[in-house]
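Colleague: just need the structure, nothing else, for what follows:
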Amino acid sequence: MIIKRLRRIGKRIKKIPRAVFLVSSILVGLMLALGVYRHLSSSVHTHFQPEYEEIVIQDPSLLEKIKQVDQTIYKALYLRQIAEKDIFFSAVTPMNGNGHQWDFTELLIKLPEENIATEIENIIHSELSNLDPSVICNIERVAPDEFHFLIFVDGLATHKLTLRFHREEERFRKHLPKIAIIIDDLGYDLNIALSFIHFDLPLSLSILPIAPYTKHIVYSANKMKCEIILHLPLEPNDFPRCNPGPGALLVGMDNAELERLLRQHLNKLPGLQGVNNHMGSLFTEREDKMTVILSLLKRENLFYVDSKTSNRSVGYDLAKDMGVPVARRSVFLDNDQDPQAVRFQMERLMGLARYTGDAIGIGHPHGVTLEILREYVPQLKKDFEVVYVSELVD
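Modeller: Below you'll find the predicted structure:
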């Protein structure tokens with residue numbers, strides 16, 4: 001009897017480490033599961049994001065040379081301490097030619113004296129001569145008080161700089177120049193969308209109709225009384241290699257299908273006030289297809305903003321003819337996400353607004369875009385009236 005009891009006690013003692021090991025394993029498993037859950041919950045607000053804009057194969061050498069010309073012009077103006085109020089971007093025009101795409105930038109610089117114009121001319125001419133030999137500058141005196149610089153890179157006209165140096169009375173503006181900024185492609189990153197929703201300036205939020213967080217972003221934007229725009233995916237050139245994402249309207253669809261799909265998208269965004277195009281370089285060149293889109297927008301009392309993904313887009317002029325409230329993009333802010341490049345685009349946007357009275361910039365949900373916009377808040381509040389884009393349609 002005693003021997004049997006000892007054997008039973010020995011078996012129980014052997015079972016204790018096994019039980020401890022089993023409990024420890026369960027605890028470790030629970031801790032691992034908790035860690036995975038926390039990781040997933042912290043990253044759940046971000047999904048894989050399709051392309052923001054159409055992929056255009058550009059010559060990086062050409063873009064770098066254009067950037068160097070931009071910097072040269074700004075260096076000359078900085079060295080002569082030209083005030084920002086005297087620098088105007090009179091136009092930024094998308095160009096196509098010889099297999100390239102680039103912006104043709106026109107600047108007007110107002111100066112009080114001819115000798116300052118001559119100094120700036122000498123600085124620019126000297127600095128450009130140090131760049132690549134393919135950068136050529138033609139200077140012409142077109143009037144007693146005006147110089148024109150026409151700058152070519154690789155045989156392509158990239159810049160026109162006008163120096164006007166007679167004293168003239170400043171035009172008195174009753175109101176500050178207006179700027180509207182649209183944030184495109186919202187729907188895949190909830191955290192950054194919320195940052196734009198709670199931004200310290202009014203931003204027009206362009207939301208994709210089919211994306212993981214479309215519904216949540218629309219709800220939050222409406223709650224904060226933000227302006228909501230449908231970011232309508234349209235067929236680009238080189239489709240399907242260049243893919244606008246789910247729910248895209250294609251040129252091969254008949255009119256009934258286009259209208260049905262557009263209505264579906266409009267219904268996904270309660271409270272929206274207008275539409276702008278996502279991609280659509282092919283679709284926006286087709287007058288027959290754009291007529292279907294704009295006709296429905298007119299019936300629904302919605303405005304249209306032409307993102308100008310093609311310089312052959314018929315959207316703006318067609319909307320004008322049809323009586324649809326319309327505007328068009330002035331500047332893309334962040335196609336180049338280098339912080340200095342985004343700053344330069346902001347300067348372009350402000351220069352255009354100073355010259356024309358208003359301008360529209362389009363940015364995307366990039367961290368760098370958010371940070372640079374924050375940098376410019378004080379200046380935008382001081383020198384401009386930042387408005388929703390609906391205030392700039394006509």
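Colleague: check the nearest residue to His198 once chain neighbours are set aside and give its pLDDT.
Modeller: Excluding the flanking residues, the one nearest His198 by Cβ to Cβ, 6 or more residues apart in numbering is Met224, at 6.8 Å. The way it works is simple: take the backbone N, C-alpha and C, and place the C-beta from them, glycine included. Looking at Met224, its pLDDT reads 98.
Colleague: how near is Met224 to Tyr355?
Modeller: For Met224, the distance to Tyr355 equals 32 Å [Cβ to Cβ, to the nearest Å].
Colleague: which one's more surrounded, these two?
Modeller: Shown here are Met224 and Tyr355; by other Cβ atoms under 10 Å, Tyr355 has more neighbours (17 against 12).
Colleague: correct me, but the more buried one touches Lys85?
Modeller: No: look at Tyr355 against Lys85 with Cβ atoms under 8 Å: they stay out of range, at 10.9 Å.
Colleague: can you list the low-confidence ranges for the stretch 201-350 of the chain?
Modeller: Under the criterion pLDDT under 70, no range of the stretch 201-350 of the chain is flagged.
Colleague: ranges for the helices of it?
Modeller: 214-223, 255-267, 287-299, 315-322, 339-356 (DSSP state H, counting those that start in this stretch).
Colleague: looking at those, which is buried most?
Modeller: Ranked by mean neighbour count, the helices of the stretch 201-350 of the chain are led by helix 339-356 with a mean of 20 (mean count of other Cβ atoms under 10 Å).
Colleague: which strands and helices sit next to that one?
Modeller: Under the contact definition 3 or more Cβ pairs under 8 Å, 6 or more residues apart in numbering; DSSP states H and E, helix 339-356 sits against helix 60-79, strand 87-97, strand 100-110, strand 178-186, strand 331-332, strand 358-363, helix 367-383.
Colleague: next, the angle from that helix to strand 358-363.
Modeller: 160 degrees (axes from the mean of the first three to the mean of the last three Cα atoms, to 10 degrees).
Colleague: using CSV, write out every CA atom in helix 339-356.
Modeller: C-alpha atoms of helix 339-356 as CSV (Å, rounded to 0.1, in the frame of the first residue of the first chain):
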residue,chain,number,x,y,z
PRO,A,339,9.8,69.3,-50.0
GLN,A,340,11.6,72.1,-51.9
ALA,A,341,9.6,71.2,-55.0
VAL,A,342,6.3,71.4,-53.1
ARG,A,343,7.3,74.8,-51.7
PHE,A,344,8.1,76.0,-55.2
GLN,A,345,4.6,74.9,-56.3
MET,A,346,3.1,76.7,-53.4
GLU,A,347,5.0,79.9,-54.5
ARG,A,348,3.6,79.3,-58.0
LEU,A,349,0.1,79.0,-56.6
MET,A,350,0.4,82.2,-54.6
GLY,A,351,2.0,84.1,-57.5
LEU,A,352,-0.9,83.1,-59.9
ALA,A,353,-3.4,84.2,-57.3
ARG,A,354,-1.7,87.6,-56.9
TYR,A,355,-1.7,88.1,-60.7
THR,A,356,-5.2,86.8,-61.6
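Colleague: contacts only, for Leu79.
Modeller: Counting by Cβ atoms under 8 Å, 6 or more residues apart in numbering, Leu79 makes contact with Ile123.
Colleague: let's see 10 Å
Modeller: Leu79 is in contact with 119-120, 123, 127, counting by Cβ atoms under 10 Å, 6 or more residues apart in numbering.
Colleague: thinking again about what came up before, I figured the residue nearest to His198 hits Ile197, correct?
Modeller: Yes: the pair Met224 / Ile197 is scored as a contact, 5.4 Å apart, by Cβ atoms under 10 Å.
Colleague: residues that sit against both of these two, list them.
Modeller: Counting by Cβ under 10 Å, 6+ apart, the residues touching both Met224 and Ile197 are Leu205.
Colleague: shaky segments in the stretch 51-200 of the chain?
Modeller: 51-58, 167-173.
Colleague: and this structure, what are its domains?
Modeller: For the chain, automatic domain parsing gives the domain ranges 60-164, 178-392.
Colleague: most packed of those domains?
Modeller: Mean neighbour counts for the domains of the chain (mean count of other Cβ under 10 Å) peak at domain 178-392, with a mean of 19.
Colleague: ends of it, what's the gap?
Modeller: Terminal residues of domain 178-392 lie 8 Å apart, using Cα to Cα, to the nearest Å.
Colleague: run the chain-centre distance for it.
Modeller: 8 Å (Cα atoms, centre = their mean, to the nearest Å).
Colleague: look up how far Ile217 lies from the nearest residue to Leu370 once chain neighbours are set aside.
Modeller: For Leu370, ignoring the flanking residues on the chain, the nearest one in space by Cβ to Cβ, 6+ apart is Ser195 at 5.7 Å. Counting by Cβ to Cβ, the separation of Ser195 from Ile217 is 11 Å.
Colleague: intersection of neighbour lists for those two?
Modeller: Contact with both Ser195 and Ile217 is made by residues Asp189, according to Cβ under 10 Å, 6+ apart.
Colleague: tell me who's in contact with His364.
Modeller: Listed by Cβ under 10 Å, 6+ apart, the contact set of His364 reads 49, 52-53, 182-186, 192, 206, 332-335, 337.
Colleague: give me that answer again for 7 Å
Modeller: Residues near His364 by Cβ atoms under 7 Å, 6 or more residues apart in numbering: 52, 183-185, 334.
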